[in-house]
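Student: Starting from these lines, generate the structure:
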Amino acid sequence: MSMGTPASPALAFLAVAKRFEDRMAVERLDLEVAKGELFGLIGPNGAGKTTTIKMAVGLLRPSSGRILVSGFDIQREGSRARRLLGYVPDNAPLYDKLTGLEMLELAADLYQVSRQRRRRRIPALLEALDLEADASQLVQSYSRGMRQKLALCAALVHDPEVLLLDEPTVGLDPVAARQLRTMLQSLCATGHTVFLSTHALEVAAVLCDRVGIFNQGRLVALGTVAELERTAGLDAAGSLEDVFMNVTGAEDQETARLISALGA
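Tutor: Numbers count the residues shown, from 1 in each chain. Purely as a prediction, here's the structure:
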């Protein structure tokens, strides 16, 4: 694993905002994610989660503010910052005419992973995500879940300090989702940092050290699940879903839609 600035958080958003024409997608985000933390970002569709991740990996330029990866500015020191990052987008693009093994060899080439290191790294990743038996098959034959797992292997081939995942459990069956959770927890236990967005609130509740709730481009709640439940004034029977519905106003909106539909 590469070493960044020891005293810096793994990921820092400093007054970050993003505007698309007349729409503010992200509004002044201030957030630090510690090294070794597994952080989850949840929110309704269109809340700004994917935009935030794309800015963090350098695919989108913030309208204002700065994003630091282990102390390196993703815009000003992009090459140094990106060496520390792994990124898996939702529905990651893969080369269908390559085999799974060839896809990982290509990723290792792009990240300049040595031949000696990849001979250990690639088989270990394939084994961890149960892709060994399919490594010689063309990617075009892979299911959605297999493609998601292969994309994760490709993002991890260079052993990044910070892994960013956009909806990582989409398309995974229960066994694969469990494998993913185990791998992410193991990564954080060894000092890596994971930043993920998800609609699966139960995954965030079980997996994440802290959760941030996004709504209409703003971070409206932040903390551990227990802290969020207390802040929302929920009793012991409360859940992250209850917190989410409470702070985003989704419950009131859903009730209004149901009443309107029933009265139509």
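Student: Make sure Ile122 is actually in contact with Glu105.
Tutor: Yes - counting by Cβ atoms under 8 Å, Ile122 does reach Glu105; the two are 7.3 Å apart. Using the backbone N, CA and C atoms, a C-beta is placed for each residue, glycine as well.
Student: Which one's more surrounded, those two?
Tutor: Ile122 (21 against 18; other Cβ atoms under 10 Å).
Student: before we move on, which element is that one in?
Tutor: Secondary structure assigned from DSSP states H and E places Ile122 in helix 115-128.
Student: C-terminal to that helix, what's the next element?
Tutor: With DSSP H and E, the next secondary element past helix 115-128 is helix 144-156.
Student: which stretches of the stretch 151-264 of the chain form strands?
Tutor: Using DSSP state E, counting those that start in this stretch, the strands of the stretch 151-264 of the chain run over residues 162-166, 193-197, 210-215, 218-223.
Student: The stretch 1-150 of the chain too?
Tutor: With strands called from DSSP E, counting those that start in this stretch, the stretch 1-150 of the chain shows them at 11-20, 23-33, 38-42, 64-69, 72-73, 85-88.
Student: What strands line up against the fifth one, and which way round?
Tutor: The reference is to strand 72-73. strand 64-69 (antiparallel) (DSSP bridges).
Student: Bridged to Gly86, which residues?
Tutor: Leu163.
Student: for the residue lying closest to Ser136 once chain neighbours are set aside, what are its contacts?
Tutor: Once flanking residues are discounted, Ser136 sits nearest to Thr99: 5.4 Å by Cβ to Cβ, 6 or more residues apart in numbering. Counting by Cβ atoms under 8 Å, 6 or more residues apart in numbering, Thr99 makes contact with 135-139.
Student: Just the closest of these to Val26, please.
Tutor: When the contacts of Thr99 are ranked by distance to Val26 (Cβ to Cβ), Val139 comes first, at 32.8 Å.
Student: Could you report the pLDDT at that closest one?
Tutor: Looking at Val139, its pLDDT stands at 97.
Student: I'd guessed it sits against Lys149; true?
Tutor: No - between Val139 and Lys149 there is no contact under Cβ under 8 Å: 11.4 Å.
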